[in-house]
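Q: What follows is a protein structure lacking sequence information:
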């Protein structure tokens, strides 16, 4: 195989972006050969904008049976990611899903089981993992430069969205359509980067407001406290109702403090570790010598194109993925645990009860009385694009 | 009265500082005329360092009955502040207490009742209220420039203390001696400034570790989430175990965001309020125009001397105090509510049950098995300096 032939499911916002990148030659070892959508309008658009080499499908079974491609990108609504990924993998296609991995981990666990049995390359579009700033952070933590982590605080409130954003799509910010709000739609990257760099906590206590700043039924304001196995704590603060908001990630370790803000990484590096200083210093008032270091973060932030090239390389050459698909469950577990904690107003231990989460989500879908101001009723359509 | 004659109770660290400022003429309309301490060593030191005009007392009743002064500064251990303030006011002296107002609000409420009945000037040493940066913040909030508050986050983790700090005094960081850790000793200023600028929350949920980074029995790591009547939320994060730590106070309102860090106030000002933009903007993706403004904060940070002069002015001329003593209960209420929430692992509504807090504190004092590494046993001595 010289070039990986790509089929795309869902020619909406993200799917169209991926298609254009491939057509533009930004993923040199890939070519677009098929697309599938349930929207006649989008398929018509694809027909007029893509070359004749791209086969157009309006039937998902025909699409999967066609073998018109080697690998599938799934860019549908969240609920459909695991359902379609399972089908794609079972049909023997390499698979790339958009984030989040799904809406509830119960379905994502099933997807991961299929993926683990499969010999196909399964990736997830965690394009922020290509950001040199976060890659450097991970390297500084993994190499021990920061020392054992004591605290992490991510204030990620610069996801501002006005009401008209929510009104523009029927599925947006509904339990049935998205299964959540800012955590499911805006934060998957940060939730993944948080666990990617700082690990998974052992328990979660979350505080949420639903439709606080918008006429929506899901969360648009979240504060979450977490605790890790080693005693470290963490905070995740997010909202779509604050302008201009903040994106500031602070991680404190035994050897100092790192702050990522304005796409810059600053490391306040202690000359001796705090634990060592605490033990040896006898002067009462005093603190370890500290150097403010501006850390270089070389490399291009290749984003979506970078993740696609990485996936295609893995398909062609068996290289390790930057963002393996099965890791998508981690960020989603954080998100699900946060919801469960807020819904039950209590601690949630990880791993949490997947069935309980699904039950509580289902309750919200079933009991939803929310009507979009468009007047159209939103219904759960997990059949979605197939 | 041309000059206010001052008596000081407790010639320890803080008391000595106040004495020296007065003697140096930094409080021009005050003179030091008496001191009281229970330590013979400290009284001997006072005898040798102060002029003959300063009367030295080793008996608290003699001190209070002497009328050798018009006004009293109480700079003792925390537990004694309300007890001594009540005596001082009842003896007809103007009174200034060191922070915190006390250890538990039950005692502070009693002190406030006496103060409200008294015609004497009752102040508290909230010297950070003279900081032009926080004064400007308060002005921007009170004048409506920031709009209705949505969220406040104070990360105040730069109170680093090594073990030798705690080992240096028997009473330090014990339930019996201080009644708490970082919240009682280091944070009273921030707790006061937080409520002074953002108001009091209606409920508190706190997470604490006790002796996490030090061989102490009280808290040295705190994360607190609060909720306000208007739906706003807040976070207070503090520790004495992190180096170099952070002091960053972010307040988000309907008209933008203010961040105080490195003693600078920055205001990201929205040209139209977010609520207005949210209602009127129809474009889907978009956010209100925002100006990053560096706000001048003129004026000197007069600190302890400023608060003493302010108090003396109020005594001589009836002016309003920057830091009225009865306001000390607010910051302490936050601190007590945080402890109660952590101890009970649950929400605490404000106003909380003062008796329950006192009971739970007493339990910790009574059940303490903690021994200072000095080998000396720490005992509760609420009689303290009298």
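A: Nice, thanks for sending it over. A quick note: this is a predicted structure, and the numbers were derived from the prediction, not measured.
Q: backbone phi and psi for residue A:34, please?
A: phi -160, psi 150 (degrees, to the nearest 10).
Q: give me every residue that touches it.
A: Contacts for residue A:34 (Cβ atoms under 8 Å, 6 or more residues apart in numbering or on different chains) come out as A:5, A:6, A:7, A:8, A:54, A:55, A:56, A:57, A:63, A:66, A:68, A:69. Placement of C-beta: from N, CA and C, glycine included.
Q: what do you get if the cut-off is 10 Å, keeping everything else the same?
A: Residues near residue A:34 by Cβ atoms under 10 Å, 6 or more residues apart in numbering or on different chains: A:5-9, A:50, A:53-57, A:63, A:66-69, A:72.
Q: Test my guess that residue A:299 contacts residue A:139.
A: No: counting by Cβ atoms under 10 Å, residue A:299 sits too far from residue A:139 to count as a contact (11.2 Å).
Q: Mind listing the shared neighbours of these two?
A: residue A:132.
Q: Restricted to helices, list the contacts of residue A:34.
A: residue A:63 (DSSP state H).
Q: for the record, mean pLDDT for the helix or strand containing residue A:82?
A: Residue A:82 belongs to helix A:80-90 when elements are defined using DSSP states H and E. When pLDDT is averaged over helix A:80-90, the result is 98.
Q: got it, and stretch A:297-310?
A: Stretch A:297-310 comes out at a mean pLDDT of 97.
Q: Repeat that for stretch A:41-56.
A: 96.
Q: list the buried ones in it?
A: A:42, A:43, A:46, A:50, A:54, A:55, A:56 (16 or more other Cβ atoms under 10 Å in any protein chain shown).
Q: Grab the two from those that are most spread out in space.
A: In terms of Cβ to Cβ, those reach their longest pairwise distance at A:42 and A:55, which sit 14.8 Å apart.
Q: Okay, helices next: where are they in chain A?
A: Going by DSSP H, chain A shows helices at A:13-23, A:40-49, A:60-65, A:80-90, A:105-117, A:132-142, A:163-167, A:182-185, A:188-198, A:274-280, A:303-317, A:328-344, A:354-366.
Q: possible to save these as JSON lines with distance to residue B:315?
A: As requested, the helices of chain A are exported to JSON lines (distance: least, Cβ to Cβ, whole Å):
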{"stretch": "helix A:13-23", "distance to residue B:315": "68"}
{"stretch": "helix A:40-49", "distance to residue B:315": "78"}
{"stretch": "helix A:60-65", "distance to residue B:315": "83"}
{"stretch": "helix A:80-90", "distance to residue B:315": "71"}
{"stretch": "helix A:105-117", "distance to residue B:315": "65"}
{"stretch": "helix A:132-142", "distance to residue B:315": "55"}
{"stretch": "helix A:163-167", "distance to residue B:315": "55"}
{"stretch": "helix A:182-185", "distance to residue B:315": "53"}
{"stretch": "helix A:188-198", "distance to residue B:315": "54"}
{"stretch": "helix A:274-280", "distance to residue B:315": "44"}
{"stretch": "helix A:303-317", "distance to residue B:315": "66"}
{"stretch": "helix A:328-344", "distance to residue B:315": "51"}
{"stretch": "helix A:354-366", "distance to residue B:315": "61"}
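Q: To residue A:254, which of the ones you listed lies closest?
A: Here helix A:274-280 is closest among the helices of chain A (Cβ to Cβ), at 5.3 Å.
Q: what does the closest one contact?
A: A:147-148, A:150, A:252-256, A:270-273, A:286-290, B:160-165, B:213-215, B:241-245.
Q: quick check: mean pLDDT across stretch A:233-243?
A: 98.
Q: what residues does the stretch 51-200 of chain A put near chain B?
A: The stretch 51-200 of chain A has residues A:150-151, A:153, A:155, A:157-158, A:160-169 near chain B, with proximity defined as Cβ under 10 Å from any Cβ of the partner chain.
Q: can you do 7 Å?
A: Listed as neighbours of chain B in the stretch 51-200 of chain A under the rule Cβ under 7 Å from any Cβ of the partner chain: A:150, A:151, A:153, A:155, A:160, A:162, A:163, A:164, A:165, A:168.
Q: quick one: contacts for residue A:305?
A: Contact analysis of residue A:305 by Cβ atoms under 7 Å, 6 or more residues apart in numbering or on different chains lists A:21, A:26, A:27.
Q: Of those residues, which is the nearest to residue B:312?
A: Once Cβ to Cβ is applied, the member of the contacts of residue A:305 that ends up nearest residue B:312 is residue A:21, at 71.8 Å.
Q: Show me how the record splits chain A into domains.
A: A:4-127+A:303-324, A:129-295 (automatic domain parsing).
Q: any chance of these in a markdown table, with distance to residue B:356 too?
A: Below are those laid out as a markdown table (distance: least, Cβ to Cβ, whole Å):
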| stretch | distance to residue B:356 |
| --- | --- |
| domain A:4-127+A:303-324 | 39 |
| domain A:129-295 | 22 |
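Q: can you tell me which of the ones you listed comes nearest to residue B:204?
A: domain A:129-295 (11.5 Å).
Q: how long is the closest one end to end?
A: Domain A:129-295 stretches 18 Å from its first residue to its last (Cα to Cα, to the nearest Å).
Q: for chain A, what are the low-confidence residue spans?
A: A:373-386 (pLDDT under 70).
Q: please redo it, this time with the cut-off set to 50
A: A:375-386 (pLDDT under 50).
Q: Spatially central residue in it, please.
A: Nearest to the geometric centre of chain A sits residue A:188, at 3.0 Å (Cα atoms, centre = their mean).
Q: so what's residue A:290 up against?
A: With Cβ under 7 Å, 6+ apart, residue A:290 has these contacts: A:256, A:268, A:269, A:270, B:243, B:244.
Q: With respect to residue B:362, which of the residues you listed is nearest?
A: Nearest member of the contacts of residue A:290 to residue B:362, counting by Cβ to Cβ, is residue B:243, at 34.0 Å.
Q: could you measure the nearest residue to residue A:228 once chain neighbours are set aside against residue A:231, distance?
A: Once flanking residues are discounted, residue A:228 sits nearest to residue A:201: 5.0 Å by Cβ to Cβ, 6 or more residues apart in numbering or on different chains. From residue A:201 across to residue A:231, the span is 11 Å (Cβ to Cβ, to the nearest Å).
Q: more neighbours, these two?
A: Each of residue A:201 and residue A:231 has its neighbours counted (other Cβ atoms under 10 Å in any protein chain shown); residue A:201 has more, 25 against 14.
Q: Quick check, the more buried one in contact with residue A:227.
A: Yes: counting by Cβ atoms under 7 Å, residue A:201 does reach residue A:227; the two are 5.8 Å apart.
Q: The closest residue to chain B within the stretch 1-150 of chain A: neighbouring residues, count only.
A: Residue of the stretch 1-150 of chain A nearest chain B, by Cβ to the nearest Cβ: residue A:150 (6.0 Å). Residues contacting residue A:150 under the criterion other Cβ under 10 Å number 27.
Q: That one: what's its closest spatial neighbour, skipping adjacent residues?
A: Closest to residue A:150 by Cβ to Cβ, 6+ apart is residue A:252, at 4.8 Å.
Q: Could you pull up the residues touching the one you found?
A: Applying Cβ under 7 Å, 6+ apart, the residues near residue A:252 are A:150, A:151, B:242.
Q: thinking again about what came up before, could you list every residue that touches the residue nearest to the centre of chain A?
A: Per Cβ under 7 Å, 6+ apart, neighbours of residue A:188: A:99, A:100, A:331.
Q: closest one to residue B:342 among the domains of chain A?
A: So among these, domain A:129-295 is nearest, using Cβ to Cβ, at 11.7 Å.
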